[in-house]
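Pasting the sequence and the predicted model now:
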Amino acid sequence: MFYSGDDMMNMYKAWQIPVGDLLVSVAAFWKPAYRPLGGLAYRAFYGVFGFHPLPLYVFSWVLLIINTGLLYLLAARITRTLFHPLLTCVIATVHGMYLDLYYSAGTIYDHLSAFFCLVALVVWFDDRLRKHNRLLLLSCAIILLTVAACDSKENAVGLPVLLLAGELTLIPRAPGTRSRARPLVPIAMSAAIVAIFIVARVAGTSDLSSNPAYQPRPSALLSNLGVYLGYFTYGALSTPGAAVIILLAIAGITAIVRSGPMIFGCIWFAATLLPVAFIPNRSGYVLYLPMMGLGLWASDLLYQALRRIDIADRSLPATALVASALLCIWHATHWPTEWDTHYAESVTTRTFRLRYPHLQRGAKLLFITDPFPRDAWDLLFNMRLMYHDDTLIADRVLSGMPVQRPDATHRVAQYDHVFMYHESGGSPYFVELASGWPTAEFTPAKQ
């Protein structure tokens, strides 16, 4: 895969911010900034490897693998069985709706936020289930991990809820009020960080607070739930009514069975789904964290059902393998079409690297036609990042934004290069026009 359009935007934004400012934003979680930990990752990979996507994609996939391992470890620690971890991981991390997670490093924010949330939960249960009682060390770890998760993406605001749910549903109650209250200290600190983060950073960052794509709309809840149910079922169920019925069934079954892992998984699912359910719907990648909770819930539901029909304990791991295999077969039969890797960004970069390995600094380029969306900055980001030149000009005749179109008084001769985009024989490419074309004044409105 080449860089996606989101990668271009994210990397360009990170490149324009001084490294010192990015580092300050990572530590000062209350200061307005757009996901600075992800920005730092983009900045680091662009600074070290240049305009080459492979290292960033390797890093993204390493995070996906580590997250799966952390989820496996977490499920094993909570349930202490061989049955739950595999099935939980298959439900949570294998799905056709996750193509953005697999194909686009633009979801690096989701990879990172899930990583820090999972590490926090593993650390929490390791301390609480083994009764280490290292309150100071645990508090410091939870504070740092909460800040890092929030620095990665806003969906991490559910972390304190997960910690509290885990404490109340899965940790044996200690005798005495003091012993019960002490573990709530790091949870309270995590909740305070999240509250400050929401009030100060989320509300103060224009990319979030002023962007319609991030504006909460309670009226959109039911329709969004229907959309996300459609993602999960590959379109078999996609109505708000079906979503409500299924969610009520999950809550009802949880209340009847009253299993600790099921209760925890149900709360995890709800606490991480709600932050994205009120904003305009996204692709299925936003269900990455919620599906981890649902995976734990579903695996424990099957486990409880098998135990009630007296399936032998020694047969349970094999049953988990069979259930996981059946799930994978279901996904395989519904798997969506793979992404086309020959899209605008890769075509542009390949063409210009081959024919124009170097351009003079501040070069002025005019594109009579191009394959990019009308209302997008991708072409400009692509060219500036590739040549590491933020003074380069890339005007587009077919842009839907006046700021990217050439002024009506400009002549083509004022540009260093003029290009047109062609598609023939399945091999799209750019061709440079002769310097004298056209000789008359250029009027974009007449093209």
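Sure, I can see it.

Against residue 185, how distant is residue 175?
With the distance defined as Cβ to Cβ, to the nearest Å, residue 175 ends up 18 Å from residue 185. In this view, the C-beta of every residue, glycine as well, is placed from N, C-alpha and C.

Show me which of the two is the more surrounded one.
Relative neighbour count places residue 185 above the other of residue 175 and residue 185, with 14 against 7, counting by other Cβ atoms under 10 Å.

Make sure the more buried one is actually in contact with residue 136.
No: using Cβ atoms under 8 Å, residue 185 makes no contact with residue 136, being 9.5 Å away.

if I look at residue 244, how far off is residue 224?
Taken as Cβ to Cβ, the span from residue 244 to residue 224 is 12 Å.

Looking at the two, which has the bigger crowd around it?
residue 224 (22 against 15).

what sits up against the helix or strand in which the more buried one is found?
Per DSSP states H and E: residue 224 is located in helix 221-232. With Cβ atoms under 8 Å, 6 or more residues apart in numbering as the test, helix 221-232 has contacts from 95, 97, 236-244, 246-247, 273, 276-281, 283-284, 287, 291.

List only buried entries from those residues.
Those of those that meet the buried threshold are 95, 97, 238, 242-243, 247, 273, 276-277, 279-281, 284, 287, 291, by 16 or more other Cβ atoms under 10 Å.

Quick one: neighbours of residue 417, just the number.
For residue 417, using other Cβ under 10 Å, the count is 17.

Now residue 369: closest residue in space that isn't a chain neighbour?
residue 421 (4.5 Å; Cβ to Cβ, 6 or more residues apart in numbering).

my read: that neighbour touches residue 351, true?
No: counting by Cβ under 8 Å, residue 421 stays clear of residue 351, with 9.3 Å between them.

more crowded one of those two?
Set side by side, residue 421 and residue 351 show more neighbours around residue 421, with 19 against 16, by other Cβ under 10 Å.

part of a strand, is the more buried one?
Yes: under DSSP: H, G, I helix; E, B strand; the rest coil, residue 421 sits within a strand.

Next one: it, what pLDDT does it get?
Per-residue pLDDT puts residue 421 at 91.

From residue 222, how far out is it?
Separation of residue 421 from residue 222 (Cβ to Cβ) stands at 43 Å.

now do residue 121
From residue 121 to residue 222 the distance is 30 Å (Cβ to Cβ).

ok, those two, which is more surrounded?
Legend: neighbour count by other Cβ under 10 Å for residue 121 and residue 222, higher for residue 121 (25 against 15).

contacting residues for the closest residue to that one other than its chain neighbours?
Using Cβ to Cβ, 6+ apart and skipping residues adjacent in sequence, the residue nearest residue 121 is residue 74, 5.6 Å away. Contact partners of residue 74, counting by Cβ under 8 Å, 6+ apart, are 118, 121-122, 125.

Out of those, give me the one that has the most neighbours.
Going by other Cβ under 10 Å, residue 121 tops those with 25 neighbours.

and it, that one's in a strand?
No: with three-state DSSP as the criterion, residue 121 is assigned helix and is not in a strand.

so what's it up against?
Each residue near residue 121 by Cβ under 8 Å, 6+ apart is listed here: 74, 162-163, 166.

how far away is it from residue 194?
Distance from residue 121 to residue 194, counting by Cβ to Cβ: 15 Å.

same deal with residue 203?
With distances taken as Cβ to Cβ, residue 203 is found 13 Å from residue 194.

Next, give phi and psi for residue 236.
Backbone torsions of residue 236, given as degrees, to the nearest 10, read phi -70, psi -40.

separation between it and residue 229?
Taken as Cβ to Cβ, the span from residue 236 to residue 229 is 9 Å.

How about residue 347?
36 Å.

more crowded one of residue 203 and residue 194?
Neighbours per residue (other Cβ under 10 Å) separate residue 203 from residue 194, with residue 194 holding more: 23 against 11.

give the contact list for the more buried one.
146, 150, 156-157, 159-160.

Which of the three states applies to residue 365?
strand.

Quick one: residues contacting it.
Neighbouring residues of residue 365 by Cβ under 8 Å, 6+ apart: 383, 392-395, 415-419.

any idea which helix or strand carries residue 351?
helix 344-355.

buried stuff in that helix?
Within helix 344-355, the residues that qualify as buried are 344-349, 351-352, counting by 16+ other Cβ under 10 Å.

Just the closest of the buried ones among the contacts of helix 221-232 to residue 314, please.
residue 291 (29.3 Å; Cβ to Cβ).

ok now do the closest one, which residues does it touch?
91-93, 95, 232, 269.

Buried ones only from these, please, as a ChimeraX command.
Here is the ChimeraX command that selects the buried residues among the contacts of residue 291 (16+ other Cβ under 10 Å):
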select :91,92,93,95,232,269
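
Secondary structure and distance to residue 31 for the contacts of residue 291 - can I get that in a markdown table?
Formatted as a markdown table, the contacts of residue 291 follow (DSSP: H, G, I helix; E, B strand; the rest coil; distance: Cβ to Cβ, whole Å):
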| residue | secondary structure | distance to residue 31 |
| --- | --- | --- |
| 91 | helix | 38 |
| 92 | helix | 33 |
| 93 | helix | 33 |
| 95 | coil | 36 |
| 232 | helix | 37 |
| 269 | helix | 32 |
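
Tell me the one of the contacts of residue 291 nearest residue 316?
Distances from residue 316 to the contacts of residue 291, taken by Cβ to Cβ, are shortest for residue 91, at 16.4 Å.

you'd agree that closest one is up against residue 330?
No: using Cβ under 8 Å, residue 91 is not in contact with residue 330, being 11.1 Å away.

that older thread, quick check: the two most widely separated of the contacts of residue 121?
Longest distance between any two of the contacts of residue 121 is 12.5 Å, between 74 and 163; criterion Cβ to Cβ.

Report the central residue of this structure.
In the chain, the residue lying closest to the centroid (Cα atoms, centre = their mean) is residue 110, at 2.9 Å.

Quick one: residues contacting that one.
Contacts of residue 110 by Cβ under 8 Å, 6+ apart are 101, 153, 155, 285-286, 288-289.

Recalculate using a threshold of 6 Å.
By Cβ atoms under 6 Å, 6 or more residues apart in numbering, the contact set of residue 110 is 285, 288.

Relative to residue 147, how far out is it?
Residue 110 is 17 Å from residue 147, by Cβ to Cβ.

again, but for residue 271
Distance from residue 271 to residue 147, counting by Cβ to Cβ: 19 Å.
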